[in-house]
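Q: A predicted structure for the sequence below; I have some questions about it.
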Amino acid sequence: MNRARRGRPAPSLAAPAAVTDAAQLLAGSQPLYASVATALAAEILDGRRPVGTLLPTEQELCQSFGVSRSTVRQALRRLGELGLVAGAQGVGTRVVADQPRGQYVLAVQSVTDVMGYAARARLEIGGRETVTADALLADRIGCQPGSRWVHVSGLRRPAEGRGIISICDLYIADEFAELAMSDELAATPAYRLIARRRGIAVEAVEQDIGAIALDTAQAAALGVAEGSPGLHIRRQFFAAAGKLIEATTNIHAAAEHFVYSLRLGAPEDA
């Protein structure tokens, strides 16, 4: 970690108690950028950096906190995910809100991220049952009719803080039933348990995302009005020879509650 300039003490990176909402959203992150983001969020939430004002430049923030430019950029990206700031090329980073939005941001930067939620999410399991796929289920998860699955239903919640990320349904191939019944499933994706315990790795993932209108039960679980817009995400996890070993569906509330952020590298022909 870089040191602060001699003779110029680095600003405190601890957020005051008055900004516990932001602290909870940023809590649990060990990297230095999270501490920088927390300090900046504290200044925004207690009014030291009012809405409409520009943050210092990246170079100035690097000097103030004694950190690298990449650390500052990660911190600003986190503040953007919380809806506190927005950047504009040639202008800088402007404060756009004085309260973090109540949403979960799934930031995808790699195949691993696409395959499941980050460590800051947990599954609250509501039920488990063995099912035989009829035509409706086969179409829903992309399996063969007559195949057997362990259906695990529950709610996806942030690892820290309150709220619900999604209504989650996991379908795990019946041959891995003992893993589907494991308590580890609350914190570890099924495909990882399968790879760890059985040595069967995922070779491909397919994901479908679609817009839906939330029905009565879905809206009640997610804390929004019936008929509100929602997001349906289906993921299929394939092992060798195209064998489907797990399928999941997640239903999210609209954009103010959930954002799916996809960031990829440069195109191969760039």
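A: It's in. Please read all numbers here as calculations on a predicted model, not as lab measurements.

Q: and the closest residue to residue 142 other than its chain neighbours, backbone torsions?
A: Excluding its sequence neighbours, the residue lying closest to residue 142 (C-beta to C-beta, 6 or more residues apart in numbering) is residue 236, at 5.4 Å. C-beta here means a position set from N, CA and C on the backbone, and glycine is covered the same way. Main-chain torsions, residue 236, degrees, to the nearest 10: phi -120, psi 130.

Q: what's residue 236 in contact with, if anything?
A: 141, 142, 205, 206, 207, 244, 246, 247 (C-beta atoms under 8 Å, 6 or more residues apart in numbering).

Q: Going by distance to residue 95, which of those wins?
A: The closest of these to residue 95 turns out to be residue 207 (C-beta to C-beta; 34.1 Å).

Q: check which helix or strand covers the closest one.
A: For residue 207, the host element (DSSP states H and E) is strand 204-213.

Q: List the pairing partners of that strand within its sheet, with orientation.
A: strand 229-238 (antiparallel) (DSSP bridges).

Q: Give me the distance from the following helix or strand past the strand it pairs with to the chain's centre.
A: Scanning forward in sequence from strand 229-238 by DSSP H and E, the next helix or strand is strand 244-253. Offset of strand 244-253 from its chain centre (C-alpha atoms, centre = their mean, to the nearest Å): 14 Å.

Q: Show residues contacting strand 244-253.
A: 140-143, 156, 165-173, 176, 190-191, 194, 200, 202, 212, 214, 218, 222-224, 228, 230-239, 258.

Q: What remains of these if I keep only buried residues?
A: 141-143, 156, 165-173, 176, 190-191, 194, 200, 202, 214, 218, 222, 224, 228, 230-239, 258 (16 or more other C-beta atoms under 10 Å).

Q: distance of residue 125 from residue 175?
A: 20 Å (C-beta to C-beta, to the nearest Å).

Q: Count the residues that sit near residue 219.
A: Counted with other C-beta atoms under 10 Å, the neighbours of residue 219 add up to 17.

Q: Just the element for the residue nearest to it when sequence neighbours are not counted, please.
A: Closest residue in space to residue 219, ignoring its immediate chain neighbours: residue 226 at 4.4 Å, by C-beta to C-beta, 6+ apart. Element membership of residue 226, judged by DSSP H and E, is empty: it is in no helix or strand.

Q: ok, now how distant is residue 226 from residue 157?
A: 22 Å.

Q: Neighbour count for these two, which is higher?
A: residue 157 (19 against 12).

Q: What residues are bridge-paired with the more buried one?
A: With DSSP bridges as the rule, residue 157 is bridged to residue 122.

Q: Would you state the predicted confidence (pLDDT) at it?
A: pLDDT, residue 157: 88.

Q: residues in contact with it?
A: 121, 122, 123, 124, 163, 164, 165.

Q: Go again with 6 Å.
A: If you count contacts by C-beta atoms under 6 Å, 6 or more residues apart in numbering, residue 157 has them with 122, 124, 164.

Q: Filter those down to the buried ones and express that as a ChimeraX selection.
A: Selection of buried members from the contacts of residue 157 for ChimeraX, criterion 16+ other C-beta under 10 Å:
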select :122,164
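
Q: And the helices in this structure?
A: 20-26, 32-45, 58-65, 69-81, 111-114, 135-141, 177-180, 190-198, 216-222 (DSSP state H).

Q: pLDDT below threshold where in this structure?
A: 1-30, 100-120, 160-161, 255-257, 259-270 (pLDDT under 70).

Q: Show me it divided up by domain.
A: Listed by automatic domain parsing, the domain ranges of the chain are 17-95, 104-262.

Q: count of neighbours near the closest residue to residue 57 other than its chain neighbours?
A: In space, and not counting its chain neighbours, residue 57 is closest to residue 92: 6.6 Å by C-beta to C-beta, 6+ apart. By other C-beta under 10 Å, the residues close to residue 92 number 13.

Q: circling back to that earlier point, ok, the contacts of residue 157 vs residue 44, which is closest?
A: For these, the nearest to residue 44 is residue 164 (25.8 Å; C-beta to C-beta).
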